[in-house]
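Colleague: Would you be able to build a 3D model of this:
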Amino acid sequence: MAEFPHIFQPVQLRHKTLKNRLVFGAHTTNMAQDGLPGEQHLAYYVERAMGGAAMIVVEPMPVHPAAVLTRGNFRPGSDTVIPHFRRITEACQAHGTVMIQQLYHVGAHGDGDISWHAHWSPSGGPSYHDSDGSHEMTETEIEDTIEGFVQAAIRCQKAGFDGVEVWAAYHGLLDQFWTPFSNQRSDSWGGSLENRTRASREVLRRIRDACGNDFVIGLAVNDEPDVEAALTKEDTARIVALHDAEGLMDYVTCGTGGYFDFYKLMPTFLYGEKLGVDLAAMLKGVVKNALVTAESHIRTPQNANTVLGAGEADLVSIVRGQIADPHLVNKARRGRADDIRGCISCNQQCWGRRSRDYYISCLINPSAGHEYLWGGDRFDPAPNSKSVLVVGGGPAGLEAARVAAERGHRVALAEAGPRLGGQFRLAGLQPRRGQISELIDWYERQLTQLGVDLRFNTCMDEGDITAFGADKVVLATGSLPAETGFQKALPHLTGLPGLEKGNVCSVEDVMMQTVRPGPRVVVLDEGGNWRGCGTAWRLAEDGHEVTIVTPAAMIGKELERSATDWPLRRTLAQLGVRFVTDAAISEWTANGAIVQSLLTGQTEPLAADMLVLATTNIADTSLRTALDVMGILTHTIGDANAPRNAALAIYEGRQAGRAI
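Modeller: The predicted structure follows:
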């Protein structure tokens, strides 16, 4: 607590006392089954309550059928949710956590494929979620929607929630009423500031009348400074001040981004930290009654303590940080900040899974979403301590070694190189991805504290493993570049013609600096992910003239799911990188590449000094095969099992450590 004095100061929020200043803010986990929260929800939220969060804002409840947005949304307008939520509220409140539920309506930005309902909005504007238009609300529909908010709040109170957070952020329905771009009405719901805020003020006022004084009411707003049509900070401050002057809410939460600029809604490492603080600080200067919560890329207790100490906010919401480490708050309180598993701001399993309408998880914490199956982000001691040998210090091997050691096994980890991390360490050398390196350092600290025998520069063959005599062997030997130039877009070619001419390498060669590319570099990016795109970024920053060739219709296709594709393309374009899409390389010559359009079949030469292949790797199965012949059973995990991303490697490492 001495390290973070501003975090661990209690604060009064209406009738409740928050034990500290850290909030686990609202986000869609997409875990509902048939519109009801179940065991998966219960275990997920209890883990964060157990971890010390002072307040949890449970994911949004649609207040009307028009507001349903995801497969995992809760049933709107149904009392059947009440007993299911009560299990969650009571279990979390038992840990001293104040429980709030967010109420939302997305307005024009709905999803008719899920809701089977026309989108509703103030003036019939277009959806920024899909290509649909919306229905201009009648006054009766506005009143029905307001009543939907009120009835949802009443259900929350019956379910044991301490309050609700009314969602007026990200250009959702209430923000659509506030914003002149989307509210062009000439009746009493549009025009003046008083009229444009009428819907939100009625919602808050009627919730207070229905739920009484012993009920917290919050308001969520956002900052979108780079979008001309959006409200300015000053606009938002006037709106919040108006609500505050009427005593309509107890706190206001400040996020960033929205449907206009979705990339800053859950900002990745491509953005700076503490994005929501500017608006929060401005609102602190205008509110007289409400507490102000800052959220958006405030990753760490250090960040939070700084914001609170500067008086820029009263509370701080850390969402992805507490997904990554649900015990972040208690570790900070107990002086164990170095033990916090820090979020790497990748979005690959949180928003990356939610964007595909799956339940969320976490790249670095595979317990997220699986707490109900695995007993949380904690480990039961193994019934018998065993000798465990882990071969390979990439992400899969690191997690397997950590979990096995946590459970009381005697673990040795043999890494062929001088440092831990494997290909994951190379990813951390790409621009702005240093948080990966921090995670690898965290693993090394954890393994050292747990007494794991770390053996660097130790390349083990089957004889070495046999001689070691471990009770259990885990193979995490990774994958290797195919070195054939095979492209999925040209499956009739078993390899790239002209490969023998030289000046062809892998992304691993570039990031390990075992090659020296010439001035002009072509990156063949088959995966559309960070492996190719991040390497191209590094090369461009180093002054090379870079062209990316991809079979996809856009650069960074796989990165769209994590909301990193557009900021990356903007950065690459500013660095002068050339994009060639819907294309493959049919031949490598002494003068460069022959690029073939996958749309027309036509070819054209592309002058280059080096070709960098970001194609699919192959699993390194040599050691597993040799051990199989000898009859030695192993756990094979990560890329050695099948080349995939780091999330699945760490997941399999967790599984292996738990299974021993």
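Colleague: the bottom helix or strand of this protein by mean pLDDT?
Modeller: Of all helical and strand segments in the chain, the minimum by mean pLDDT, DSSP states H and E falls on helix 112-115, at a mean of 87.
Colleague: Can you give me the buried ones in stretch 502-510?
Modeller: Of the residues in stretch 502-510, 503-510 count as buried by neighbour count, 16 or more other Cβ atoms under 10 Å. All C-beta atoms are positioned from the backbone trio N, CA, C, and that covers glycine.
Colleague: how about the least confident helix or strand of the chain as CSV, C-alpha atoms only?
Modeller: Taking Å, rounded to 0.1, in the frame of the first residue of the first chain, the C-alpha atoms of helix 112-115 are listed here in CSV:
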residue,chain,number,x,y,z
GLY,A,112,-30.0,-7.0,-37.2
ASP,A,113,-28.6,-10.5,-37.7
ILE,A,114,-28.6,-10.9,-34.0
SER,A,115,-31.5,-8.7,-32.8
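Colleague: With Lys264 as the reference, measure out to the nearest residue to Thr232 once chain neighbours are set aside.
Modeller: Leaving aside its sequence neighbours, Thr232 sits nearest to Pro225 (Cβ to Cβ, 6 or more residues apart in numbering; 7.3 Å). Pro225 is 9 Å from Lys264, where distance means Cβ to Cβ, to the nearest Å.
Colleague: Looking only at neighbour counts, state which of those two leads.
Modeller: More crowded of Pro225 and Lys264, by other Cβ atoms under 10 Å: Lys264, with 27 against 15.
Colleague: give me every residue that touches the spatially closest residue to that one that is not a sequence neighbour.
Modeller: Distances taken as Cβ to Cβ, 6+ apart put Gly257 closest to Lys264, at 3.1 Å, once the chain neighbours are dropped. If you count contacts by Cβ atoms under 8 Å, 6 or more residues apart in numbering, Gly257 has them with 170, 222, 224, 263-267, 296.
Colleague: Tabulate those in CSV, adding columns for secondary structure.
Modeller: Shown next, in CSV, are the contacts of Gly257 (DSSP: H, G, I helix; E, B strand; the rest coil):
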residue, secondary structure
Tyr170, coil
Asn222, strand
Glu224, coil
Tyr263, helix
Lys264, helix
Leu265, coil
Met266, coil
Pro267, coil
Ser296, coil
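Colleague: Can I get the buried part of those as one ChimeraX selection?
Modeller: In ChimeraX, this line selects whichever of the contacts of Gly257 come out buried by 16+ other Cβ under 10 Å:
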select :170,222,224,263,264,265,266,267,296
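Colleague: from the contacts of Gly257, which is closest to Phe177?
Modeller: Nearest to Phe177, judged by Cβ to Cβ, of the contacts of Gly257 is Tyr170 at 13.7 Å.
Colleague: Check what pLDDT the residue nearest to that closest one when sequence neighbours are not counted gets.
Modeller: Excluding its sequence neighbours, the residue lying closest to Tyr170 (Cβ to Cβ, 6+ apart) is Gly258, at 3.5 Å. pLDDT, Gly258: 92.
Colleague: Tell me how many other residues surround Gly258.
Modeller: Neighbours of Gly258 under the rule other Cβ under 10 Å: 22.
Colleague: next one: phi and psi at it?
Modeller: Backbone torsions of Gly258, given as degrees, to the nearest 10, read phi 160, psi -160.
Colleague: Would you mind confirming that Ile344 is in contact with Cys350?
Modeller: No: between Ile344 and Cys350 there is no contact under Cβ atoms under 8 Å: 11.1 Å.
Colleague: Now, the buried residues of stretch 502-510 that are in strands?
Modeller: Among the buried residues of stretch 502-510, the ones falling in strands (DSSP state E) are 504-506.
Colleague: Closest one to Gln449 out of the residues you listed, please.
Modeller: The closest of those to Gln449 turns out to be Ser506 (Cβ to Cβ; 35.0 Å).
Colleague: For the residue nearest the centre of the chain, which non-adjacent residue is spatially closest?
Modeller: For the chain, Asn347 is the residue whose C-alpha lies nearest the centre (Cα atoms, centre = their mean; 2.7 Å). In this structure, Asn347 finds its nearest non-sequential neighbour in Ser562, 3.9 Å apart by Cβ to Cβ, 6+ apart.
Colleague: Where does pLDDT dip in the stretch 301-450 of the chain?
Modeller: Applying pLDDT under 70 to the stretch 301-450 of the chain flags no residue at all.
Colleague: Show me the strands in it, by range?
Modeller: According to DSSP state E, counting those that start in this stretch, the stretch 301-450 of the chain carries its strands in the segments 315-317, 387-391, 410-414.
Colleague: mind checking how far the second one is from the chain centre?
Modeller: Taking the mean C-alpha point of strand 387-391 and that of its whole chain, the gap between them comes to 32 Å (Cα atoms, centre = their mean, to the nearest Å).
Colleague: Over to stretch 335-342?
Modeller: In terms of Cα atoms, centre = their mean, the centre of stretch 335-342 is set 19 Å apart from its chain centre.
Colleague: shouldn't Ala563 be in contact with Ser345?
Modeller: No: contact criterion Cβ under 8 Å: Ala563 and Ser345 do not qualify, at 11.0 Å.
Colleague: Find residues that contact each of the two.
Modeller: Thr268.
Colleague: that older thread, how much space between the residue nearest to the centre of the chain and Gly502?
Modeller: Relative to Gly502, and taking Cβ to Cβ, Asn347 is found at 38 Å.
Colleague: same check, this time on Trp120
Modeller: Trp120 is 62 Å from Gly502, by Cβ to Cβ.
Colleague: Repeat that for Val391.
Modeller: Taking Cβ to Cβ, one finds Val391 at 33 Å from Gly502.
Colleague: How about Phe579?
Modeller: Distance, Phe579 to Gly502, by Cβ to Cβ: 26 Å.
Colleague: as a whole number, average confidence for stretch 22-38?
Modeller: Averaging pLDDT along stretch 22-38 yields 96.
Colleague: Please spell out which residues along that stretch are buried.
Modeller: For stretch 22-38, using 16+ other Cβ under 10 Å, the buried residues are 22-32, 35, 37.
Colleague: same deal with stretch 515-525?
Modeller: 517, 521-525.
Colleague: Give me the lowest-pLDDT entry from those.
Modeller: Across the set of the buried residues of stretch 515-525, Pro517 stands lowest in pLDDT, at 95.
Colleague: my read: that residue touches Leu611, true?
Modeller: No: with contacts counted by Cβ under 8 Å, Pro517 stays clear of Leu611, the gap being 9.5 Å.
Colleague: Touching both of these two, which residues are there?
Modeller: Listed as contacting both Pro517 and Leu611 by Cβ under 8 Å, 6+ apart are Cys505.
Colleague: would Arg238 count as being in a helix?
Modeller: Yes: checked against three-state DSSP, Arg238 lies within a helix.
Colleague: give me every residue that touches it.
Modeller: 193, 286.
Colleague: one more time with 10 Å
Modeller: Counting by Cβ atoms under 10 Å, 6 or more residues apart in numbering, Arg238 touches 178, 193, 197, 231-232, 286.
Colleague: Any buried residues in the helix or strand hosting Leu623, and which?
Modeller: Here Leu623, judged by DSSP states H and E, is contained in helix 622-629. Within helix 622-629, the residues scored as buried using 16+ other Cβ under 10 Å are 623-624, 627.
Colleague: how close does Ala382 sit to Val388?
Modeller: 10 Å.
Colleague: again, but for Ser200
Modeller: Distance from Ser200 to Val388, by Cβ to Cβ: 57 Å.
Colleague: Likewise for Leu429?
Modeller: 30 Å.
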